[in-house]
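Student: sequence? don't have it. structure:
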């Protein structure tokens, strides 16, 4: 009964704090996306204004590591039996991707645009193959500064 | 040149996530797993019963003779052991168990006795101190012989294996499975086990009548344990016990005696 109690407590902690962290993160993301919307970010290989003179450019990167909580992991484990969309990980990856893009923008605040944006995702397992521990997302692109 | 439009992602409906409530999803998936596991358990339980009924006692004896570790005879309890062996051999005639039943006395305070596949019966010295008459002891030994006759030990073993496999299959070989398995086994086997215990009690009563010609002293051990306050009358915890509660066992015994019209006479005193 002791182990079951521990399991249940971990589950409840994971659920409540996980949901709390997620909603707070989404609020922060929405706020910052609104703030940074004016910095054009594309994944095309050419700058948006090719006729303009480019002063300098540099590599802009943004990365973030977000962990799953106990509840998400259990849900994913149950999904592994039946198959189907793993909803608990969808929000995780969505948040991580958007956060990484925002951090990339924040790394070059005075840039005129960022082009050739790529996103890479990798998983960091903390147990030996016992499900995904955390997900790391890296967003990188070329930040371009035009002559003023 | 392409026109660029600055755009915020849809805040009202995020297309990259599903919009089911995670708790609802959790319970749905859990219900699916439980239904499947319970279905498997019931089905495999039927299979276990089917195979046990078809395993001949001779087969069982040869199968488990090699597995059972020989327990050394304790010189302190050897005379008691030999006397009890003689009693068990006599009781065996009333119940038709075709293989040898070997009795070993173990010097522990537990008021208990148990049987193992292949015909090994272990009696704890705590039991020997608790009974007051030969008939009382004979009832307990007859109860264990009844388990052997009904092949209950094999059924319990088979069900235990099924439950363990289900627990490991669902959770993977994680610590969670290890901790849940004993709990699940108790729950899963308790109801089945209580039914078998009642049947064993009824058959033991038959054996007692067959051997002594009366059923005096049958419920002696239960009465003794009840008087010592070893009975917990909470019906909820009773669900988990492998044996029915003591007062229920006593009343069932009374009922059987009344139905069969068996007499109760004076009991014989203990021989050790």
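Tutor: That came through fine. The structure presented is a predicted model; accordingly, all values stated were derived computationally and were not measured.

Student: what comes up buried for the biggest helix by length in chain A?
Tutor: With DSSP state H setting the assignment, residue counts place helix A:2-36 as the longest helix in chain A. For helix A:2-36, a neighbour-count test (16 or more other C-beta atoms under 10 Å in any protein chain shown) marks A:7, A:11, A:14-15, A:18-19, A:22, A:25-26, A:29, A:32-33, A:36 as buried. (Each C-beta comes from the backbone N, C-alpha and C, glycine too.)

Student: ok, now stretch B:107-125?
Tutor: The neighbour-count check on stretch B:107-125 (16+ other C-beta under 10 Å) flags B:111, B:113, B:115-125 as buried.

Student: how about the residues you listed, which pair is most distant?
Tutor: Using C-beta to C-beta, these reach their maximum pairwise distance at B:111 and B:118, which is 24.3 Å.

Student: continuing past the helix or strand hosting residue A:92, what's the next helix or strand?
Tutor: Using DSSP states H and E, residue A:92 falls within helix A:87-107. Helices and strands here follow DSSP H and E; after helix A:87-107, the next one along the chain is strand A:113-124.

Student: What is the least confident helix or strand in chain A?
Tutor: The weakest-scoring helix or strand in chain A, judged by mean pLDDT, DSSP states H and E, is helix A:70-82 (a mean of 85).

Student: So is that one next to chain B?
Tutor: Yes - Helix A:70-82 is in contact with chain B by C-beta under 8 Å from any C-beta of the partner chain, via A:71, A:74-75, A:77-79, A:81-82.

Student: How far does stretch A:41-60 stretch from one end to the other?
Tutor: For stretch A:41-60, the first and last residues are 11 Å from each other (C-alpha to C-alpha, to the nearest Å).

Student: mind checking how far that stretch is from the chain centre?
Tutor: For stretch A:41-60, the distance from its own C-alpha centre to the chain's C-alpha centre is 24 Å (C-alpha atoms, centre = their mean, to the nearest Å).

Student: Repeat that for stretch B:138-151.
Tutor: Offset of stretch B:138-151 from its chain centre (C-alpha atoms, centre = their mean): 13 Å.

Student: I'd like the average pLDDT over that stretch.
Tutor: The predicted model assigns stretch B:138-151 a mean pLDDT of 87.

Student: Now do the same contact list for the spatially most central residue of chain A.
Tutor: Nearest residue to the geometric centre of chain A (C-alpha atoms, centre = their mean): residue A:96, 1.3 Å. Neighbouring residues of residue A:96 by C-beta atoms under 8 Å, 6 or more residues apart in numbering or on different chains: A:64-66, A:121, A:135-137.

Student: What count of nearby residues applies to residue 73?
Tutor: By default, I'm working from chain A. 22 (other C-beta atoms under 10 Å in any protein chain shown).

Student: um, chain B though
Tutor: Per other C-beta under 10 Å, the neighbour tally for residue B:73 reads 12.

Student: Equivalent analysis for residue B:84, please.
Tutor: Going by other C-beta under 10 Å, the residues that sit close to residue B:84 add up to 23.

Student: How about it: what's its closest non-neighbour residue?
Tutor: Distances taken as C-beta to C-beta, 6 or more residues apart in numbering or on different chains put residue B:103 closest to residue B:84, at 5.1 Å, once the chain neighbours are dropped.

Student: now swap in residue A:61 and tell me
Tutor: What sits nearest to residue A:61 in space, not counting adjacent residues and going by C-beta to C-beta, 6+ apart, is residue A:140, at 4.4 Å.

Student: and that neighbour, helix, strand or coil?
Tutor: Using DSSP: H, G, I helix; E, B strand; the rest coil as the criterion, the local structure at residue A:140 reads strand.

Student: Surely it and residue A:105 touch.
Tutor: No - Residue A:140 sits out of contact with residue A:105 when judged by C-beta atoms under 8 Å, with a separation of 11.8 Å.

Student: Can you work out which residues contact both of those two?
Tutor: A:60, A:62.

Student: more crowded one of these two?
Tutor: Neighbour count, other C-beta under 10 Å: between residue A:140 and residue A:105, residue A:105 has more, with 24 against 19.

Student: give me the beta-bridge partners of residue A:67?
Tutor: With beta bridges defined as DSSP bridges, residue A:67 has these partners: residue A:134.

Student: residues of the helix holding residue A:92 that come out buried?
Tutor: A:87-89, A:91-105, A:107.

Student: In chain A, where is pLDDT below threshold?
Tutor: Along chain A, segments meeting pLDDT under 70 span A:1, A:126-132.

Student: What residues does it have near chain B?
Tutor: So far as C-beta under 8 Å from any C-beta goes, chain A lies against chain B at A:1, A:3-4, A:7, A:15, A:30, A:33-34, A:37-38, A:40, A:42, A:44, A:48-50, A:71, A:74-75, A:77-79, A:81-82, A:85, A:87-88, A:90-91, A:93-94, A:98, A:130.

Student: between the longest helix of chain A and helix A:87-107, how many degrees?
Tutor: The directions of helix A:2-36 and helix A:87-107 differ by 40 degrees, with axes from the mean of the first three to the mean of the last three C-alpha atoms, to 10 degrees as the criterion.

Student: which strands and helices sit next to helix A:2-36?
Tutor: Applying 3 or more C-beta pairs under 8 Å, 6 or more residues apart in numbering or on different chains; DSSP states H and E, one finds that helix A:2-36 contacts helix A:70-82, helix A:87-107, helix B:175-212.

Student: which residues sit against the first one?
Tutor: This means helix A:70-82. Taking contacts as C-beta under 8 Å, 6+ apart, the residues outside helix A:70-82 that touch it are A:10-11, A:13-15, A:18, A:68, A:85-89, A:92, A:131-132, B:22, B:25-26, B:29-30, B:32-33, B:170-172.

Student: at 6 Å instead, please
Tutor: Helix A:70-82 is contacted by residues A:10-11, A:14-15, A:18, A:86, A:88-89, A:131, B:26, B:29 when judged by C-beta atoms under 6 Å, 6 or more residues apart in numbering or on different chains.

Student: Name the residues of it that are buried.
Tutor: Within helix A:70-82, the residues that count as buried by 16+ other C-beta under 10 Å are A:70-79.

Student: what's the closest of those to residue A:111?
Tutor: Proximity to residue A:111 was ranked across those by C-beta to C-beta; first place goes to residue A:72, at 35.0 Å.
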